[in-house]
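Enquirer: Pasting the sequence and the predicted model now:
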Amino acid sequence: MELTSGLRPSDRVVLKSDLIMHDVNKKPTGEVHRAGLIWVALAGLGRKPGVIEFIRSDGKIHLWLDRSGIFEVFDVADSPTFHLARESSMDSIISSYKEILIRLIASRHYIFDKDLRSILPEDGGVYRIFEKDEGWNRSIFIGQSTNLRGRIYDNHYSGNRKSSILKKKMIRQALFEDEAAVKKYLSDECSLQFILISDPIDRSLFEHFAISVLRPAYND
């Protein structure tokens, strides 16, 4: 069975761009389906005439009107146009992450001291710890958190090895005797940069991108 849109049962489609969901009053609900997600047209195609049932990547059912305009939002995942679009999308993603990384590296340097806690926001973001007066490629650690103040100051700087993966790694590799030695190293030798990123998915993906490019010493 083929619908007006040209889709067939079990066709896999991919979102071309982020799909922002709206309620009946056309107001954003806050739910966003990211570009690149693959949905599958169900075998029955739809309980109602003119409606397609997709199973989304999260396992839920999503209804869509059977119109040719569907391909303004989706592409068939196995089509040649999809592979071309995916390459274009990949270039766009890499370019955007590169821009954010340049902004991070160019951002203000902060030192590890007692005043740092009042400077750091309680917002989500990605941070970079590096040795002072070294180039961009001499990173010590890159991480992300929903609360930069809590993660950087309370955990990494003032906390113990149980609350800080950075301190745990430094001590485990026998480079520092204890938490106090790591804290002194951060105070004397290191600086910090951060950039705010509110979306948890974007934050996590950018963290992995930054780690891959900068190759910090204490990230696995």
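Expert: Now that the structure is in, tell me what you want to look at.
Enquirer: where do the strands sit along the protein?
Expert: Assigned by DSSP state E, the chain shows strands spanning 12-15, 19-22, 28-33, 38-41, 51-55, 61-65, 74-76, 110-111, 125-131, 139-145, 190-196.
Enquirer: Would you convert those strands into TSV that also reports distance to residue 204?
Expert: The way it works is simple: take the backbone N, C-alpha and C, and place the C-beta from them, glycine included. What follows is the strands of the chain, written out as TSV (distance: least, CB to CB, whole Å):
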stretch	distance to residue 204
strand 12-15	19
strand 19-22	20
strand 28-33	15
strand 38-41	20
strand 51-55	25
strand 61-65	24
strand 74-76	25
strand 110-111	23
strand 125-131	9
strand 139-145	6
strand 190-196	14
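Enquirer: Turn the ones you listed into JSON lines, including mean pLDDT and mean neighbour count.
Expert: JSON lines is the format used below for the strands of the chain (pLDDT from 0 to 100; neighbours: other CB atoms under 10 Å):
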{"stretch": "strand 12-15", "mean pLDDT": "82", "mean neighbour count": "20"}
{"stretch": "strand 19-22", "mean pLDDT": "86", "mean neighbour count": "12"}
{"stretch": "strand 28-33", "mean pLDDT": "86", "mean neighbour count": "11"}
{"stretch": "strand 38-41", "mean pLDDT": "79", "mean neighbour count": "20"}
{"stretch": "strand 51-55", "mean pLDDT": "79", "mean neighbour count": "18"}
{"stretch": "strand 61-65", "mean pLDDT": "81", "mean neighbour count": "13"}
{"stretch": "strand 74-76", "mean pLDDT": "80", "mean neighbour count": "20"}
{"stretch": "strand 110-111", "mean pLDDT": "95", "mean neighbour count": "16"}
{"stretch": "strand 125-131", "mean pLDDT": "95", "mean neighbour count": "22"}
{"stretch": "strand 139-145", "mean pLDDT": "95", "mean neighbour count": "23"}
{"stretch": "strand 190-196", "mean pLDDT": "94", "mean neighbour count": "20"}
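Enquirer: For residue 170, grab the count of nearby residues.
Expert: Neighbour count for residue 170, taken as other CB atoms under 10 Å: 23.
Enquirer: how far away is it from residue 24?
Expert: 54 Å (CB to CB, to the nearest Å).
Enquirer: domain ranges for this protein?
Expert: 12-79, 96-214 (automatic domain parsing).
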